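Engineer: Give me a model of this one.
(one chain, ligands or ions: 3)
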Amino acid sequence: MGAGKSTIGRLLSQELDREFIDSDKVIEERSGANIPWIFDVEGEEGFRDRETAAIDELTQLNDIILATGGGVVLREENRQHLKNRGIVIYLLTSIEQQLERTSKDRNRPLLQTADPEAVLKRLFNQRDPLYRSCCDLIIRTDKRHPRAVVQEILKQIKQKHPDLHFLDASHF
Ligand SMILES: Nc1ncnc2c1ncn2[C@@H]1O[C@H](COP(=O)(O)OP(=O)(O)O)[C@@H](O)[C@H]1O
Ligand SMILES: O=C(O)C1=C[C@@H](OP(=O)(O)O)[C@@H](O)[C@H](O)C1
Ligand SMILES: [Mg+2]
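Structural biologist: Ligands and ions are numbered 1, 2, ... in the order given. Alright, predicted model coming up:
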């Protein structure tokens, strides 16, 4: 949370002229409710079930940039779909930056607690190895402007996948 998935994903999609999809937005549209409501009424597991269904469907689309919610890696099924069907970019960010970036909005139920820093630390310890197990690239996003993060992603993907010709069309 606060790593910049939704922000960077949108910018990357513009750079590559691809459709951008944010799985959290799809979940909200499908359920007709916002994420805090889903967590409140259906619990985290209810949200995760909706997330797994959305990820299975969205990872079958071609030529899109997909931003997920931060907890997507918790389920093995999601990790497999992401890994097998796309290029996965792990945006790695310090807890300090996550806290700063998430402090303004109240849309993240897991952080609506007296000690969001402790929650972010716990989630990082649980999730960091899971992200590492399914990602192609790790990109640090602290103290970097979103546009600089996008350029770094493009540079590293190009190095790693020189066969991906759609990258040649972008301006970097
Ligand atoms: N590299 C960055 N530098 C500064 N602010 C950022 C950066 N990336 C994202 N932000 C800001 O942090 C907040 C959370 O970003 P968001 O894209 O919603 O993260 P995520 O989807 O990973 O939770 C937003 O207000 C966004 O503008
Ligand atoms: O980390 C998480 O478990 C979550 C992250 C959120 O998305 P962002 O990572 O885009 O904030 C959203 O999916 C939900 O609040 C749960
Ligand atoms: Mg997001």
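Engineer: top helix in this protein by residue count?
Structural biologist: With secondary structure taken from DSSP state H, the chain has its longest helix at helix 35-58.
Engineer: Give the partner strands of the helix or strand that comes right after it in its sheet and their orientations.
Structural biologist: The helix or strand immediately downstream of helix 35-58 is strand 64-67, counting by DSSP states H and E. Within its sheet, and counting by DSSP bridges, strand 64-67 is paired with strand 19-22 (parallel).
Engineer: Residues touching the partner strand, excluding its own?
Structural biologist: If you take C-beta atoms under 8 Å, 6 or more residues apart in numbering as the criterion, strand 19-22 is touched by 5-6, 9-10, 12-14, 58, 61, 63-67. Where you see a C-beta, it was placed from the backbone N, CA and C, and this is true even at glycine.
Engineer: is the longest helix of the chain anywhere near ligand 2?
Structural biologist: Yes: counting by C-beta under 6 Å from any ligand atom, contacts between helix 35-58 and ligand 2 involve Ile35.
Engineer: i'd like the first residue to be 55 from this point on
Structural biologist: Okay, using 55 as the starting number, the last item reads as helix 89-112.
Engineer: Report the buried residues of that helix.
Structural biologist: Ile89, Ile92, Phe93, Phe101, Arg102, Arg104, Glu105, Thr106, Ala108, Ile109, Leu112 (16 or more other C-beta atoms under 10 Å).
Engineer: ok now it, how far from the chain's centre?
Structural biologist: Helix 89-112 has its C-alpha centroid displaced from the chain centroid by 15 Å (C-alpha atoms, centre = their mean, to the nearest Å).
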